[in-house]
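how does the following fold in three dimensions:
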Amino acid sequence: MVFERAAGNGYTISDDPARFDLALGHVWISEKSYWGKQIPYDVFATAVRGSLTFAAYGPAGGMAAMARVVTDRATFGWLCDVFVDEAHRGHGLGKALMGYFKVHPDLQGFRRMHLATADAHDLYRPFGFTDLTGADRWMEIRDPDVYTRGR
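Just a heads-up that it's a prediction; the model follows:
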C-alpha cells in the first residue's frame with residue numbers, strides 16, 4: 001500500500017515505487033553525495049528495490065528529494081541516502097522527509113533505528129536521533145573502495 005502525504009509548498013512525499021525516478025536518484029547519490037560516490041547503477045537499483053524508499057515531488061511532479069530505509073519493517077532500520085536536490089533546497093524538504101519518516105506506518109515500534117551523517121546532526125536530533133550507544137558492541141566489515149575496484 002502506498003503511503004503519501006503533503007509536505008508543504010506544493011510538495012508531496014510518497015513511497016510509491018512507480019513514481020521514484022531511479023536514474024535521477026542514482027545521479028544524486030553516485031555523483032553528488034559524499035557517501036555513495038561512484039556506486040554502480042545496478043547496485044543502487046538493487047538497494048532501492050530492497051529498501052523502503054520514498055521521495056519528495058515538486059509542484060510540477062518531478063522528484064526533488066529522496067531517502068531510503070534499509071529495514072525488516074518490524075524491528076530495525078537504517079536511514080540512509082537522504083538527499084535534497086540543490087534546486088529544491090531551502091523549502092524545508094529535509095525536515096519534511098524526516099517528518100514523513102517518523103509517521104510512516106512501516107517504521108513504527110522499532111527497537112533501534114540507525115543513521116550515519118558527517119554534517120547533518122542538527123537535522124536529525126529533533127526527530128529523536130542521538131549519538132550511538134553501545135558503540136563498543138558494534139563491529140563492521142568495511143570496504144570503501146568496492147565501487148571503484150569492482151565486485
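
pLDDT on the lengthiest helix in the chain, on average?
Counting residues, the longest helix in the chain under DSSP state H turns out to be helix 93-103. Across helix 93-103, pLDDT averages out at 97.

residues of it that come out buried?
Residues of helix 93-103 classed as buried: Leu93, Gly94, Ala96, Leu97, Met98, Gly99, Tyr100, Phe101 (neighbour count, 16 or more other Cβ atoms under 10 Å). Using the backbone N, CA and C atoms, a C-beta is placed for each residue, glycine as well.

and those, which is closest to Tyr41?
Closest to Tyr41 out of the buried residues of helix 93-103 is Leu97 (22.9 Å), distances taken as Cβ to Cβ.

check contacts around the closest one.
Leu97 makes contacts with Ala7, Ile13, Phe54, Ala56, Ala65, Met66, Ala67, Val82, Val84, as judged by Cβ atoms under 8 Å, 6 or more residues apart in numbering.
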